[in-house]
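Undergrad: Give me coordinates for this.
(one chain, ligands or ions: 2)
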Amino acid sequence: MQTKILSTSEYDIALAGKILSEGGLVAFPTETVYGLGANALDETAVKNIYRAKGRPSDNPLIVHIAKKEDIVPLVKEVTPDAQALIDEFFPAPLTVILPKSERIGSVVSGGLDTVAVRMPENETARRLIKAAGCPIAAPSANTSGLPSPTKAKYVIDDMSGKIDAIIDGGDCKFGVESTVITLATDIPTILRPGAVTKEMIEAVIGPVQVAPAVLEGMKNDEVAASPGMKYKHYAPKARVIIVDADKKTYEDFVNSRQDAFALCFEGDNVKIPKLTYGRENDDLSQARELFDALRRLDEMGAKKVYARIPHTTGVGMAVYNRLIRAAAFNIIDLKKPFFIGLTGQTGAGKGYVCKYLSRLGFNVLDTDKYVKKIYENNPGITSRLVCEFGNDIMVNGVLDKKALAKTAFSSKENTEKLNRIVHPEVIALCERDARPLAVLDAPQLFEAKAQDKCYKIICVTAPYDVRLKRITERDGITIEQAQARINAQLDEDYYINNSDFVVKNNGEDIEIQIDNILEEIL
Ligand code: TXA
Ligand code: MG
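TA: Ligands and ions are numbered 1, 2, ... in the order given. Presented below is the predicted three-dimensional model:
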């Protein structure tokens, strides 16, 4: 099929209207995104929309009208809330859902007994609907699963050869699809946020709910209030990861990554390849540019993208809702201390892994060094240790580490007492010093119960003989002493079972193993 590219001239709109009235498919601009239209009352034409988009047949379409009163024949009843919203907002980027009338077939409604109706603000869209002389069913004019098109060229990319015509009406004003609200439930519920915000709606009809799936995604056993919620959406080819952080932390984070793109705001100080989507405190600009940016990232061949998180209020809720789906709900939360825990038995080769991670730009915090510092200069901890283990651990007013070790490691009970005093202080100091992408280098990670502080845990393992040899040579101790040390630790299985990743120090290339782990973590 040869797809005609039309303008917004009288002649072209009349032609497009004729195509629609005869059962054809025409893509057209709206103030939100481009729509892919067909006569809503012609089930065969509507079926062709699903085919052109590759859209699942249970995902209903929005019916577009040119005049407010055109909703009446499409629904069972225009409820008072619906009337209030229509009077206040239509024409607008707002879709209302009501129980459907007999005129709406089951293909348009995806088998539901409700129908979604909207009167677009965009002039060209309304002229087209008038020219067609019928209500127009229209989803966004993208291939199912891809970002919605905000420019005619993206419609051409997705729909050329599959539909009769595309009207080029320039860039879309809002850039995210309409707000969808259902009035067919006891409490009006926003199923998809858009440029008509929750706050604007509540000012007209009072409190409304936001469907949980809008911000959190669907739970496995949840039934979708709107079928569109359950399908993969807005997904570019690149893997998108949202970074929840303030401006500075985000900048530091992305600037430490070499293999990725940044999707940030104008003016962000980002040194890796980047695209912007709007300005920091301007949610309308973010909405307008998001889908375009997602498509351009694909054109640029981005494989991995770190996106700066938008605010979730006002139109920001719509921006966040789209971005979180594009990211398949992947978020790195840099507002919490973001440790990668690194642990393993003594002599397994943790030190080598630490050096490699430091070289890659990670902020490696060596817990052993913190322990040493605490023993050397921390009066609060020292006095607690004296209370617990007696004055013999002090020599000339200084803590004698050998004496402390002798008492503290004399029994399991004493070791635990020591740990209870020292570990929390070590972890607190590490949290204080941690910069983004911190690695907590902690042989006693589990004993210190620091696993909850870690986003992911990596353990290093090595064969028993290797460890034995390494620590006798490194620390100048006898085989028996080395064996005693190893035996006092948790066994290897414990480390493996409680870690997310294992680095095997058994001759395999360690750097490749770590690269693969980092690829998964970040
Ligand atoms: O801004 C827009 O709304 C654009 C332009 C073209 O008007 N259209 C659009 O349509 O975004 P579409 O099909 O891509 O998204 C419609 C959403 C889907 O998530 C669908 O599941 C939901 O609305 N929907 C439609 N009818 C529904 C119904 N009866 N009950 C619940 N959800 C419905
Ligand atoms: Mg869509």
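
Undergrad: For the helix or strand harbouring Phe253, give the mean pLDDT please.
TA: For Phe253, the enclosing helix or strand under DSSP states H and E is helix 247-255. Taken as a whole, helix 247-255 has an average pLDDT of 92.

Undergrad: now for it, which elements pack on it?
TA: strand 239-244, strand 261-264, strand 304-308 (3 or more C-beta pairs under 8 Å, 6 or more residues apart in numbering; DSSP states H and E). In short, each C-beta sits where N, CA and C put it, glycine included.

Undergrad: now, of these, which is deepest in the fold?
TA: Ranked by mean neighbour count, these are led by strand 261-264 with a mean of 26 (mean count of other C-beta atoms under 10 Å).

Undergrad: what residues does that one touch?
TA: 238, 240, 250, 254, 268, 270, 272-277, 293-294, 297, 300, 302, 304-308 (C-beta atoms under 8 Å, 6 or more residues apart in numbering).

Undergrad: now stretch 451-458
TA: 332, 337-343, 353, 427, 431, 440, 445, 498-503, 514, 517, 521.

Undergrad: What about ligand 1: which of these touch it?
TA: Contacts with ligand 1 within those, counted by C-beta under 6 Å from any ligand atom: none were found.

Undergrad: Enumerate the residues of the stretch 101-250 of the chain near ligand 1.
TA: Counting by C-beta under 6 Å from any ligand atom, the stretch 101-250 of the chain sits next to ligand 1 at 109, 112, 114-116, 118, 138-140, 177-178, 180, 191-192, 226-228.

Undergrad: So which of the residues you listed are in helices?
TA: Among those, no member falls in helices (DSSP state H).

Undergrad: for the stretch 101-250 of the chain, what spans make up the strands?
TA: For the stretch 101-250 of the chain, the strands defined by DSSP state E, counting those that start in this stretch occupy 114-118, 136-137, 165-167, 179-182, 189-192, 209-210, 239-244.

Undergrad: do the same with the stretch 301-450 of the chain
TA: Going by DSSP E, counting those that start in this stretch, the stretch 301-450 of the chain shows strands at 304-308, 331-333, 339-344, 363-366, 394-395, 398-399, 438-441.

Undergrad: Looking at the closest residue to ligand 1 within the chain now. What's its pLDDT?
TA: Nearest residue of the chain to ligand 1, counting by C-beta to the nearest ligand atom: Gly228, 1.8 Å away. Note on Gly228: pLDDT of 75.

Undergrad: again with Ala434
TA: pLDDT, read off for Ala434, is 88.

Undergrad: likewise Pro236?
TA: So, for Pro236, pLDDT stands at 85.

Undergrad: That one: neighbouring residues, count only.
TA: 21 (other C-beta atoms under 10 Å).

Undergrad: roughly how far apart are it and Leu146?
TA: 8 Å (C-beta to C-beta, to the nearest Å).

Undergrad: Can you work out which residues contact both of those two?
TA: Joint contacts of Pro236 and Leu146 (C-beta under 8 Å, 6+ apart) are Arg295.

Undergrad: before we move on, back to that, just the buried members of the residues of the stretch 101-250 of the chain next to ligand 1?
TA: 109, 112, 114-116, 118, 138-140, 177-178, 180, 191-192, 226-228 (16 or more other C-beta atoms under 10 Å).

Undergrad: how about the CA coordinates for stretch 427-443, as PDB?
TA: What follows is stretch 427-443 as a C-alpha-only set of coordinates in PDB (Å, rounded to 0.1, in the frame of the first residue of the first chain):
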ATOM      1  CA  ILE A 427      29.200   1.100  58.900                       C
ATOM      2  CA  ALA A 428      28.100   4.600  60.000                       C
ATOM      3  CA  LEU A 429      31.500   6.000  59.000                       C
ATOM      4  CA  CYS A 430      31.300   4.300  55.700                       C
ATOM      5  CA  GLU A 431      27.900   5.700  55.100                       C
ATOM      6  CA  ARG A 432      29.200   9.200  56.000                       C
ATOM      7  CA  ASP A 433      32.000   9.000  53.500                       C
ATOM      8  CA  ALA A 434      30.300   7.100  50.700                       C
ATOM      9  CA  ARG A 435      30.100   8.800  47.300                       C
ATOM     10  CA  PRO A 436      27.900   7.400  44.600                       C
ATOM     11  CA  LEU A 437      28.900   4.000  43.400                       C
ATOM     12  CA  ALA A 438      30.400   3.100  46.700                       C
ATOM     13  CA  VAL A 439      31.800  -0.400  47.300                       C
ATOM     14  CA  LEU A 440      31.700  -1.600  50.900                       C
ATOM     15  CA  ASP A 441      34.800  -3.800  51.100                       C
ATOM     16  CA  ALA A 442      33.800  -5.800  54.100                       C
ATOM     17  CA  PRO A 443      35.200  -9.200  55.100                       C
END
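
Undergrad: And it, what's buried?
TA: 427, 429-431, 434, 436-443.

Undergrad: tell me which of these is nearest to Gln481?
TA: Pro443 (16.6 Å; C-beta to C-beta).

Undergrad: and the closest one, what pLDDT?
TA: 94.

Undergrad: Measure how the biggest helix by length in the chain sits relative to strand 339-344, angle-wise.
TA: Criterion DSSP H: the longest helix present in the chain is helix 412-433. Comparing the axes of helix 412-433 and strand 339-344 via axes from the mean of the first three to the mean of the last three C-alpha atoms, to 10 degrees yields an angle of 140 degrees.
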